[in-house]
Structures are given as C-alpha cells and as structure tokens.
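Student: Provide a 3D model corresponding to the input given below.
(one chain, ligands or ions: 2)
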Amino acid sequence: MDKVKIVIAGPRGRMGSEAVQLVNRTENYEIAAVIDHKNGGGFLGDFEGFSQFGQVPVYTDLALCFQELKPDVLIDLTTPEVGMFHTKTALEYGVRPVVGTTGFSKENLKELEELCQEKGIGCIIAPNFALGAVLMMKFSQLAGRYFNDVEIIELHHDQKLDAPSGTAVKTAEMIADVRENKEQGHSQEKETIPGARGANFDGMHIHSVRLPGLIAHQQVMFGSEGQTLTIRHDSYNRASFMSGVKLAVDTVLKIDTLVYGLENIID
Ligand SMILES: NC(=O)C1=CN([C@@H]2O[C@H](COP(=O)(O)OP(=O)(O)OC[C@H]3O[C@@H](n4cnc5c(N)ncnc54)[C@H](O)[C@@H]3O)[C@@H](O)[C@H]2O)C=CC1
Ligand SMILES: O=C(O)C1=N[C@H](C(=O)O)C[C@H](O)C1
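Tutor: Ligands and ions are numbered 1, 2, ... in the order given. Prediction:
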C-alpha cells in the first residue's frame, strides 16, 4: 500500500513540531515536505532540533510544493493570518487539508465548504484535536439543553495569538444550537472596566485567560437556581492533540465534504 504523502505547514511551531514526530513515527505516513517562511529550497534537517529530517524539503511557496510533489494531505498548524490561504490553496490543488489552525470565520467556513463541493474532496477543520476537549464540548452542548445560563472560561499559554480560542467559539456555537436564547446577567449591568464581562456570543459570555505555565484548558460553567455545573478539560502537553490529528488524516482521505469539528467524526 502506498504511504500517505503529507505536507506540514508550521513545522517549527509548538504543534507543527509535534505533528512532524507523529507523521514520522506512523508507518503508513510519509513527510513529503514542510512549508515554512524560512529556508525555502533547503531541508528540514537544517533547522535546529530536526537533524534527523535531512532529506525533507522546505518550501516557502505552497502552490509550487503541491505542483511538484502532489501530496495527499496538508496538515496546517500555522497562524490565523495564513491558515485560510493555505487551506484554500490546498483544495485548489486537490490536496486534502487537515487544519488545526484557529481563527476561521463563518464566512471562511462557508467559502471552504463550497470549494470542497466544487473540487469533490474533503477538508477537516478541528478547533481542538484532543478527544477530552471534544467530549467537553459535547457534554457542554448536552448541558446547554437544560441550563440557559453559561459562562465559558478558556485558559491558554501567553504566546497564543487569537482570543477567544477556537475551542471556546466552537463550544459556544454548539451550545447556541440547543440553548434557548438568553441575554445573560442583569439587564442593567454596566462594565465599570470595559471587557469585564468578557466577549458576548449569543448572550453567553466568554472569558480568555493568558498565563505562562498554562497549555490549553477550558471550563464551561452552567448555573440555575441553587446549583452550578462545571465541565472542565485540561491539555497538559501537545501530545494530547496527536491522536486527533491522526484520526483526521485517516478520515479526510475518505470524505468529500468540509467537516468542522472532530465531534462530527469521532463516532
Ligand atoms: N486544533 C488544535 O487542537 C490545536 C490548534 N492549535 C492552533 O494551531 C496554531 C499553531 O499553534 P502553535 O503551534 O501553538 O503556534 P506556534 O506559534 O508555535 O507555531 C506557528 C508556526 O507557524 C509558522 N508560520 C507562520 N506563518 C507561516 C507561513 N506563512 N508559512 C508557514 N509557516 C508559518 C511559524 O513560524 C510557527 O512556527 C494556532 O492557530 C493554534 O490556535 C494549537 C494547539 C491545538
Ligand atoms: O493555541 C493553542 O494552544 C490552542 N489552540 C486551539 C484553540 O484555539 O482552541 C486548541 C487548544 O485550545 C490549544
């Protein structure tokens, strides 16, 4: 059986470097190339900490990489600014994207859904690859059917670029699908310091904590008369995301639509 040819964008990043190791240790996967904005024309092995990957080419030009190597899958773990461009380019060249990069808007998702349809190939965008986080979102959605009052508190390392996190937005979207619409808190509440009540998503509030020492954590709190329910997930390292990345790569090869969220494929 031919190996799955994978291109990884963002290989020197916290997630990308973990994904390089995942692809390298998976028997039927092969790293065809990496995409980085440095060292185009060189090799991954030239980057510090990657000496074992001497032969893996580095491209700065995604389209050129796809034209020359015709890979099966792009794993994108970059930044909100470039994630959409990479994903679109991949679909245009018939390469199936598995995207962990966060910060995609509803409009972005709509455009990608149409592009998948046009090209007849699959794409997976997963705001969180950790199984526990996916369950936390599903459990929160279940609780949202019974509790209208919810506050989402996401906690991340202080190098994170986007706020709120992709996971928090996805959680809010999933709860909003089942929750009776409600503007939370007192109708006359006033912020004496702007932002004190966090971001407002459909009347729910999202709070973003950024601290060194944290990795990726989220707590969803529900309240009603005389009780609260708290659902919490913690990722203590980036290895926690890798089984989800593998599941997404294996799945994206078999589908021909856009899937937004791992909860749609874990069953
Ligand atoms: N879906 C999930 O389970 C997870 C998603 N993430 C998301 O993944 C993304 C990456 O996160 P981290 O690895 O922590 O960030 P990071 O900052 O450590 O890595 C990002 C990498 O992208 C590279 N990059 C930037 N522009 C590029 C370009 N034009 N071409 C190629 N590479 C480029 C940077 O050099 C850097 O190495 C973020 O959007 C984050 O929110 C992070 C953890 C889990
Ligand atoms: O940047 C991170 O670290 C993470 N980003 C994703 C998000 O925005 O939800 C997933 C996870 O929380 C880690």
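Student: partners of residue 205 in the sheet?
Tutor: Beta-bridge pairing of residue 205 under DSSP bridges involves residue 151, residue 200.
Student: and it, what is it in contact with?
Tutor: 151-152, 184-185, 197-199 (Cβ atoms under 8 Å, 6 or more residues apart in numbering). (C-beta placed from N, C-alpha, C; glycine too.)
Student: For ligand 1, see how far away it is.
Tutor: Separation of residue 205 from ligand 1 (Cβ to the nearest ligand atom, to the nearest Å): 21 Å.
Student: I'd like the distance between that residue and residue 168.
Tutor: Counting by Cβ to Cβ, to the nearest Å, the separation of residue 205 from residue 168 is 11 Å.
Student: what residues does the protein put near ligand 1?
Tutor: 9-10, 12-16, 35-37, 77-80, 82, 100-102, 126-129, 162, 166, 241 (Cβ under 6 Å from any ligand atom).
Student: Drop anything exposed from the contacts of residue 205.
Tutor: Buried subset of the contacts of residue 205 (neighbour count, 16 or more other Cβ atoms under 10 Å): 151-152, 184, 197-199.
Student: where's the dip in pLDDT among those residues?
Tutor: Among the buried ones among the contacts of residue 205, residue 184 has the lowest pLDDT, at 91.
Student: Doesn't residue 223 belong to a strand?
Tutor: Yes. Counting by DSSP: H, G, I helix; E, B strand; the rest coil, residue 223 is part of a strand.
Student: Enumerate every residue touching it.
Tutor: Counting by Cβ under 8 Å, 6+ apart, the residues that residue 223 touches are 147, 149-151, 229.
Student: who wins for most neighbours among these?
Tutor: Within those, neighbour counts (other Cβ atoms under 10 Å) peak at residue 150, which reaches 26 neighbours.
Student: So it versus residue 230, what's the distance?
Tutor: The value you get for residue 150 to residue 230, if Cβ to Cβ is used, is 11 Å.
Student: what touches both of those two?
Tutor: 220-222.
Student: Please pick the buried ones from those.
Tutor: 220-222.
Student: between the contacts of residue 205, which is closest to residue 175?
Tutor: residue 152 (8.2 Å; Cβ to Cβ).
Student: before we move on, the earlier item: could you dump the shared contacts of residue 150 and residue 230 to JSON lines with pLDDT?
Tutor: Listed next are those as JSON lines, based on pLDDT from 0 to 100:
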{"residue": "220", "pLDDT": "98"}
{"residue": "221", "pLDDT": "98"}
{"residue": "222", "pLDDT": "98"}
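Student: Could you save those residues as JSON lines and add columns showing distance to residue 48?
Tutor: Formatted as JSON lines, these follow (distance: Cβ to Cβ, whole Å):
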{"residue": "220", "distance to residue 48": "39"}
{"residue": "221", "distance to residue 48": "42"}
{"residue": "222", "distance to residue 48": "46"}
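Student: so which of the residues you listed comes closest to residue 28?
Tutor: For these, the nearest to residue 28 is residue 220 (36.7 Å; Cβ to Cβ).
Student: List the contacts of the closest one.
Tutor: Residues near residue 220 by Cβ under 8 Å, 6+ apart: 136, 140, 143, 150-153, 171, 175, 230-232.
Student: Pick the one among those closest to residue 265.
Tutor: Out of the contacts of residue 220, the member with the shortest distance to residue 265 (by Cβ to Cβ) is residue 136, at 16.6 Å.
Student: Can you name the helix or strand that that closest one falls in?
Tutor: Per DSSP states H and E: residue 136 is located in helix 131-144.
Student: Which stretches in the stretch 1-150 of the chain count as strands?
Tutor: Under the criterion DSSP state E, counting those that start in this stretch, the stretch 1-150 of the chain contains strands at 4-9, 29-35, 58-59, 73-76, 96-99, 123-125, 149-156.
Student: what's the closest of those strands to ligand 2?
Tutor: strand 149-156 (5.3 Å; Cβ to the nearest ligand atom).
Student: Compare the contacts of residue 220 and tell me which has the most neighbours.
Tutor: residue 171 (31 neighbours).
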